[in-house]
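**Q** here is my input, please return the structure:
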Amino acid sequence: MTKERRLFPRVPQPFEARYRLADEMGTSWHGMTLVNISAGGVRFRTDELIQQGTPLELQVQLPGLREPLLVNGQTIWSTLQASGVMEIGVEFVNVTADQQLQIDGIVRFLR
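**A** You can find the predicted model right below:
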């Protein structure tokens with residue numbers, strides 16, 4: 001049995017979400033299927049190939065918030081699924097105290 005390495009518990013939740021490459025701010029947003037969220041990041045599925053280490057800008061519509069949460073992240077891992085869909089693990093980076101409070105509150109509520 002392997003030891004759990006996660007710092008934060010994951011909450012499976014299909015929120016509306018979008019992403020774009022952080023280095024390409026003029027590009028359009030891509031839709032994604034959010035698999036889970038934690039205080040430290042998200043896991044999502046997309047048809048696009050995103051390499052490990054890629055900085056992203058994420059926009060997640062959390063319940064109870066009028067405006068979507070806009071947060072920066074970095075791809076920690078990416079895996080091609082048998083279905084041809086990419087599954088991506090993203091760690092939040094440069095999160096403000098207000099953003100972290102919003103994320104923590106939603107994760108606590110959903111657990």
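**Q** so what's the residue nearest the centre of the chain closest to, chain neighbours aside?
**A** With distances taken as C-alpha atoms, centre = their mean, the residue of the chain nearest its centroid is residue 42 (3.1 Å). Computed as C-beta to C-beta, 6 or more residues apart in numbering, the closest residue to residue 42 that is not its neighbour in sequence is residue 90, at 5.3 Å. Quick note: C-beta positions are derived from backbone N, CA and C, even for glycine.
**Q** give me the below-cutoff pLDDT ranges for the protein.
**A** Applying pLDDT under 70 to the chain picks out residues 1-13, 25.
**Q** dump whichever strand or helix holds the residue nearest to the centre of the chain to CSV, restricted to CA.
**A** In the assignment (DSSP states H and E), residue 42 maps to strand 41-46. Output of strand 41-46 as CSV, limited to C-alpha atoms (Å, rounded to 0.1, in the frame of the first residue of the first chain):
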residue,chain,number,x,y,z
GLY,A,41,-5.3,22.8,-7.0
VAL,A,42,-7.6,21.1,-9.5
ARG,A,43,-7.8,18.1,-11.8
PHE,A,44,-9.6,18.5,-15.1
ARG,A,45,-10.1,16.9,-18.5
THR,A,46,-9.7,18.6,-21.9
